[in-house]
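Asker: How does the following fold in three dimensions:
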Amino acid sequence: MQTTRLQLTEISPYAAYLEGSSDSDTLIIAFSFRDTPPHSFSLVKTLAPYSASKLFLNCVHGTWYQEGIPPFGSTVEDTVRGLRNYAKDLGVSTVITMGTSMGGTAAIMYGLQIGARVLSFSPEVALRHAHSRSIEHLNNKPASQWDNLLPLMRSVDASRLEVICGDGDLVDLLQASLIRETTHHVPRVMAGAAHGALQAIHKAGLVDDLLMRVLQNEPVSSLGGRLSPLPDLGVSGCLNHDAPSEADLLTAYYKLLHSFEAAPAVLFCQAGRRLKRIDADFAIRCLVVAVGLEPTKRDWIVDLTRLLRHQHRFRAALAIASSAQRTSPGDVQLRFELAVSYACLNPRSAEALQLLSSIEDLDPLGTPDRIKGARTLLALERKDLARRWLESVMSSDPNNSRAADLLATIQDRRG
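Answerer: Residues are numbered from 1 along each chain as shown. The predicted structure follows:
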């Protein structure tokens, strides 16, 4: 065993214990979120001030806790038994599991099986959905009975479970809606939070109130009006919970956005970005709503103008880019988007040439944009400016073959 800061006793690279005060008979089991390396654990600083004993857990990268937690077990079933025995050996009468994101999933999966009270933030309970976070790690792994936690959640008393998510993450709201509509539990929504609902609660100074309620086995309630029950948005009927198609997800997102009256602009932006390859028209409508609600979000405006151009709706792209550039005339990225939109309508556009010629500092533009700008300048027969744009690429990326090929073309034309 290895003892580190805060007298944290490492049991394995994936488990560490922090002893509580002698008068506490509670154990908090905290599951780390994804991409936490071995020998590291989430929520240590958050939970350290509380008198309960704490067991901090992690999992082998990419397993989403479906392959057990060393040293407690190499399967979910073995780990459940191992955690039960560990709590029994400590002599505690109350066990609380908690976690956020992947850790929130584990808090439900293990906590409900060991008889704990569960505090889960932004979990996935129907894993491997398209666009989900879990599919990045589990897509190439065999299907597991733990991919769908909804049957487990339906089998227990709803009072043992608290699920909290932000109103600004489309995937989290979809997962929370499945809980709301297919189990006895009603998740709570934190206004103004995205995937990091716990961080938002911490920033608002409410984490102590929240944890004290859980430790005292009281309902979480509204936390001073910051949490509200998630309404029934009617999305579960659109989905095969085990393997929804992209068409199913499109319908579910559509219903969610139209039914969730408090939907913030960021949800519409996320929908536009996620769905542009499935339904470009719907994605454009979502991005139009997002930009209308938050007209100063430069990245959203760029996404919208590019999607419009990709759909050959050049005049609409020009109108969006022109309006944004008038609002922020010094923004290099918006000036570039306006120039490209002009060039799409007219490859020899004087307006495009004027705008591109006025961009002195190329640093705000990424490599693909600089190459695209060079191509546009070549079409406008401004090889001197095109060369400057390409040379700026080569100075930071000497092995960029596209920029090198275009520079060679300019040299050949000069010859």
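Asker: Just the buried residues of the helix or strand containing Ser341, please?
Answerer: Using DSSP states H and E, Ser341 sits in helix 332-345. Buried positions in helix 332-345, judged by neighbour count with 16 or more other CB atoms under 10 Å: 332-344. No exception for glycine: its C-beta is placed from N, CA and C like everyone else's.
Asker: and if you look at stretch 38-55?
Answerer: 41-44, 46-47, 50, 52-55.
Asker: got the contact list for Gln145?
Answerer: For Gln145, the contact set (CB atoms under 8 Å, 6 or more residues apart in numbering) is empty.
Asker: Which pLDDT value goes with it?
Answerer: Note on Gln145: pLDDT of 93.
Asker: for Asn240, same thing?
Answerer: At Asn240, pLDDT is 60.
Asker: Now for Asn58, how many residues are close by?
Answerer: 28 (other CB atoms under 10 Å).
Asker: for Lys372, same thing?
Answerer: 17.
Asker: And the one 10 residues further on, by the same measure?
Answerer: Counted with other CB under 10 Å, the neighbours of Arg382 add up to 17.
Asker: Next one: the closest residue in space to it that isn't next to it in sequence from Arg375, what distance?
Answerer: Nearest residue to Arg382, sequence neighbours excluded (CB to CB, 6 or more residues apart in numbering): Leu353, at 6.5 Å. Relative to Arg375, Leu353 is positioned 13 Å away (CB to CB, to the nearest Å).
Asker: With neighbour numbers in mind, choose between those two.
Answerer: Leu353 (20 against 17).
Asker: what's the closest non-adjacent residue to Leu47?
Answerer: The nearest residue in space to Leu47 (CB to CB, 6+ apart) is Lys54, at 5.2 Å.
Asker: quick one on the thing from earlier: nearest to Ile96, of the buried residues of stretch 38-55?
Answerer: For those, the minimum distance to Ile96 (CB to CB) is 7.5 Å, reached by Ala52.
Asker: ok, now which ones touch the closest one?
Answerer: 20, 24, 26-28, 96, 215.
Asker: which residues sit in contact with the residue nearest to Arg382?
Answerer: Contacts of Leu353 (CB under 8 Å, 6+ apart): 377, 380, 382.
Asker: Let me know the pLDDT of it.
Answerer: The model's pLDDT for Leu353 equals 93.
Asker: Check the residue nearest to Glu246 when sequence neighbours are not counted and give its pLDDT.
Answerer: Sequence neighbours aside, Ile278 is the residue nearest to Glu246 in space, at 5.1 Å (criterion: CB to CB, 6+ apart). As predicted, Ile278 sits at a pLDDT of 84.
Asker: any low-confidence regions in this protein?
Answerer: Within the chain, the segments meeting pLDDT under 70 span 1-6, 240-243, 412-415.
Asker: and the gap between the most centrally placed residue in it and Asn58?
Answerer: Against the mean C-alpha coordinate of the chain, by CA atoms, centre = their mean, the closest residue is His195 at 5.4 Å. Per CB to CB, His195 is found 19 Å from Asn58.
Asker: need the buried residues of helix 332-345 in JSON lines with distance to Ile410, can you?
Answerer: As requested, the buried residues of helix 332-345 are exported to JSON lines (distance: CB to CB, whole Å):
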{"residue": "Val332", "distance to Ile410": "23"}
{"residue": "Gln333", "distance to Ile410": "25"}
{"residue": "Leu334", "distance to Ile410": "27"}
{"residue": "Arg335", "distance to Ile410": "23"}
{"residue": "Phe336", "distance to Ile410": "20"}
{"residue": "Glu337", "distance to Ile410": "24"}
{"residue": "Leu338", "distance to Ile410": "25"}
{"residue": "Ala339", "distance to Ile410": "19"}
{"residue": "Val340", "distance to Ile410": "20"}
{"residue": "Ser341", "distance to Ile410": "25"}
{"residue": "Tyr342", "distance to Ile410": "22"}
{"residue": "Ala343", "distance to Ile410": "18"}
{"residue": "Cys344", "distance to Ile410": "22"}
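Asker: Relative to Leu287, which of those residues is nearest.
Answerer: Nearest to Leu287 among these: Glu337, at 13.6 Å, using CB to CB.
Asker: List the buried residues for the very next helix or strand once past the helix holding Ser341?
Answerer: Later in the chain than helix 332-345, the nearest helix or strand by DSSP H and E is helix 350-357. Neighbour counts over helix 350-357 (16+ other CB under 10 Å) mark 351-353, 355-356 as buried.
Asker: repeat for stretch 313-327
Answerer: Of all the residues in stretch 313-327, those buried under the rule 16+ other CB under 10 Å are 313-314, 316-318, 320-322, 324-325.
Asker: Would you check that Asp147 makes contact with Leu127?
Answerer: Yes - at 4.5 Å, Asp147 counts as touching Leu127 under the criterion of CB atoms under 8 Å.
Asker: Show me the common contact partners of the two, please.
Answerer: Leu138.
Asker: between these two, who's got more neighbours?
Answerer: Per other CB under 10 Å, whichever of Asp147 and Leu127 has more neighbours is Leu127, with 24 against 21.
Asker: show me what contacts Met109?
Answerer: Residues in contact with Met109 (CB under 8 Å, 6+ apart) are 65, 76, 146, 149, 152.
Asker: for the nearest residue to the last one once chain neighbours are set aside, what are its contacts?
Answerer: Leaving aside its chain neighbours, Leu152 sits nearest to Leu112 (5.6 Å; criterion: CB to CB, 6+ apart). Shown here is Leu112, whose contacts under the criterion CB under 8 Å, 6+ apart are 118, 152-153, 155-156, 160-161.
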